[in-house]
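Novice: Sharing a sequence plus its predicted fold:
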Amino acid sequence: SKKLRVSEALEGSDVGSNITVEGWVRSVRSQKDHLFVHVNDGSCLQPLQIVASSDLLTFGSAVEVTGCLKQSPSRKQPVELLADQINVVGGCDTLEFPFKIKERHGLDYVRQYPHMRCRTNVFSSMMRIRSAASAAIHSHFTERGFIQIHTPVITSNDCEGAGELFQVEPSGQTTEPDKNFFSVPAFLTVSGQLHLEVMSGAFSRVYTFGPTFRAENSQSRRHLAEFYMVEAELAFTQSLEDLTKVMEDLFRSVTEQVLDRCSEDVDLFHQRVSPGHRVGSSWVLPGISYTEAIDILNRSSHNFVFPTTWGCDLQTEHEKFLVKHCGNLPVFVTDYPYDLKPFYARDNLDHPLHTAAAVDLLVPGVGELCGGSLREDRLDLLTARLAQAGMEDTYDWYLDLRRFGSAPHGGFGMGFERYLQCILGVDNIKDVIPFPRFSHSCQL
Ligand code: 4AD
Ligand code: MG
């Protein structure tokens, strides 16, 4: 008999033929001398209903079923498989199995079982959505003429200068400065931006989408030690507005594709995890400046844990307040204090207050989703800033980019897990990545 995936069987074109499916038992219901078994193999949300004579089947076991595919008499499913053979490939002890039949386990509960939670409906929906979003990001950029760059995971630069680096050395070796494996200190990347800047100087429009690492100590609901970042860099870009258009376009088009291709999974997710959650289509455009944001925060009567003054960094509580203040819509915040931003940010020389041409995108439920900026393209200003930090030798190659055929450019990074949190309404970032890594936790 023909082997089909559950999603293929459900299409119904094989009704009447003998087929075999393989998968895991999602539910077992017995009625008289029949078992109604739902089998799922992860290919889609809906399980295949198996009708079998009462036998030895348990919730969670892996099975191979052979029989005739029939039109189902019930409206709940288009087809069902009349089994004449059920092969229990791998049994499952229901007493020991962490998930119980007919129980709806919350995300907090299933998170305790990172090797098992993909067997639950909600988590497997999330994984299909994540996969579709990832594919949508690649097609989004490809369709718009961006070249994908595989930026390195191991690097000697600290792009963000925030001191959150994981150092890389062979295991069991000392880290005496002159005995480094690479002869220089090497780290897991915090951002592929500087490598993208190199490539934007040849391909104009480039992007990268891969894992990035930060030794964040916070146990927050929106930080991981390993997360995926989508980064884009565009040459011949002169204004923040050009950049914000690219960010908005990315968000809108990827979201549209995901909602379209995974509507069943998204619906289930919203039903079970985030009732009432919707990704609206309005935005606050063009956005507000950092200075306006500080005014809004200072004028509010809200009691912040961190009080605000011009020059301070925006905390999560401030970002969330600003999003609410703006009607619970995505909002760009532009022109941050120059001293808050890394060496690469472009100095707004014409502003009365000392600011950089940097922009963050804040979104409902999450706060900061994207961070970006125009890059300092004036050789003298960049040299001076690097010299001030004692870094002009380390970044001589970076200065070369401004010496030889330099073009004004800018780019941004979007946290992929935060993006999923935002469109799905997920409170904890650990629930949108298969295997979360954070301080004091590296399970599996
Ligand atoms: O704002 P960030 O630090 O910007 C950069 O790294 C730039 N070099 C990007 C660029 O311009 N090419 O990080 C970008 C985004 C943040 O807005 C946030 O969404 C996400 O990455 N992010 C994290 N997500 C999960 N866990 C963490 N620890 C994160 N740190 C940043
Ligand atoms: Mg940032």
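Specialist: Everything's here; your move. Ligands and ions are numbered 1, 2, ... in the order given.

Novice: rest of the way, CA atoms for contacts and neighbours
Specialist: OK.

Novice: tell me the phi and psi of the residue of the stretch 201-350 of the chain found nearest ligand 1?
Specialist: Nearest to ligand 1 in the stretch 201-350 of the chain, going by Cα to the nearest ligand atom, is H223, at a distance of 3.5 Å. The phi/psi pair for H223 (degrees, to the nearest 10) reads phi -120, psi 140.

Novice: Is the nearest residue to P330 once chain neighbours are set aside bridged to anything, and to what?
Specialist: Excluding its sequence neighbours, the residue lying closest to P330 (Cα to Cα, 6 or more residues apart in numbering) is V363, at 4.3 Å. Beta-bridge partners of V363, counted by DSSP bridges, are G367.

Novice: Tell me the spacing between V363 and I423.
Specialist: In this view, V363 and I423 are 10 Å apart by Cα to Cα, to the nearest Å.

Novice: do H105 as well
Specialist: In terms of Cα to Cα, H105 sits 22 Å off from I423.

Novice: Those two: who's more crowded?
Specialist: Legend: neighbour count by other Cα atoms under 10 Å for H105 and I423, higher for I423 (21 against 16).

Novice: and the closest residue to that one other than its chain neighbours, helix, strand or coil?
Specialist: Residue nearest to I423 in three dimensions, not counting chain neighbours: V279, with 5.9 Å by Cα to Cα, 6+ apart. Here V279 is coil, with the state taken from DSSP: H, G, I helix; E, B strand; the rest coil.

Novice: What count of nearby residues applies to V279?
Specialist: For V279, the count of nearby residues is 16 (other Cα under 10 Å).

Novice: Torsion angles phi and psi at it?
Specialist: Backbone phi and psi, for V279 under degrees, to the nearest 10, turn out to be phi -100, psi 110.

Novice: wait, isn't it in contact with L420?
Specialist: No - using Cα atoms under 8 Å, V279 is not in contact with L420, being 11.2 Å away.

Novice: Could you list the contact residues of the stretch 151-300 of the chain toward ligand 1?
Specialist: Contact residues, the stretch 151-300 of the chain versus ligand 1 (Cα under 6 Å from any ligand atom): 191, 193, 214, 216, 222-225, 227, 229, 231.

Novice: ok, now with 8 Å
Specialist: 159-160, 190-194, 196, 213-216, 222-233 (Cα under 8 Å from any ligand atom).

Novice: could you check the distance from E11 over to ligand 1?
Specialist: 38 Å (Cα to the nearest ligand atom, to the nearest Å).

Novice: the longest strand in the protein is where?
Specialist: Taking DSSP state E as the criterion, the chain has its longest strand at strand 18-31.

Novice: residues of the helix or strand following that strand that come out buried?
Specialist: Where DSSP states H and E defines the elements, the next helix or strand beyond strand 18-31 is strand 34-40. Of all the residues in strand 34-40, those buried under the rule 16 or more other Cα atoms under 10 Å are 35-40.

Novice: Strand 34-40 vs strand 18-31, what angle?
Specialist: 120 degrees (axes from the mean of the first three to the mean of the last three Cα atoms, to 10 degrees).

Novice: Which SSE is immediately downstream of strand 34-40?
Specialist: strand 48-53.

Novice: and the next element down the chain from that following strand?
Specialist: strand 62-71.

Novice: Sheet partners, orientation included, of the helix or strand just after that following strand?
Specialist: Downstream of strand 62-71, the next assigned helix or strand under DSSP H and E is strand 79-90. Strand 79-90 sits in its sheet next to strand 48-53 (parallel), strand 62-71 (antiparallel), going by DSSP bridges.

Novice: Buried residues in strand 79-90, which are they?
Specialist: Result for strand 79-90 [16+ other Cα under 10 Å]: buried residues 79-83, 86, 88.

Novice: Same question for stretch 218-234.
Specialist: 222-234.

Novice: what do you get for stretch 111-124?
Specialist: 111, 117-124.

Novice: pLDDT and secondary structure added to those, as JSON lines?
Specialist: Below are those laid out as JSON lines (pLDDT from 0 to 100; DSSP: H, G, I helix; E, B strand; the rest coil):
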{"residue": "R111", "pLDDT": "96", "secondary structure": "coil"}
{"residue": "R117", "pLDDT": "96", "secondary structure": "helix"}
{"residue": "C118", "pLDDT": "95", "secondary structure": "helix"}
{"residue": "R119", "pLDDT": "93", "secondary structure": "helix"}
{"residue": "T120", "pLDDT": "93", "secondary structure": "coil"}
{"residue": "N121", "pLDDT": "92", "secondary structure": "helix"}
{"residue": "V122", "pLDDT": "95", "secondary structure": "helix"}
{"residue": "F123", "pLDDT": "96", "secondary structure": "helix"}
{"residue": "S124", "pLDDT": "95", "secondary structure": "helix"}
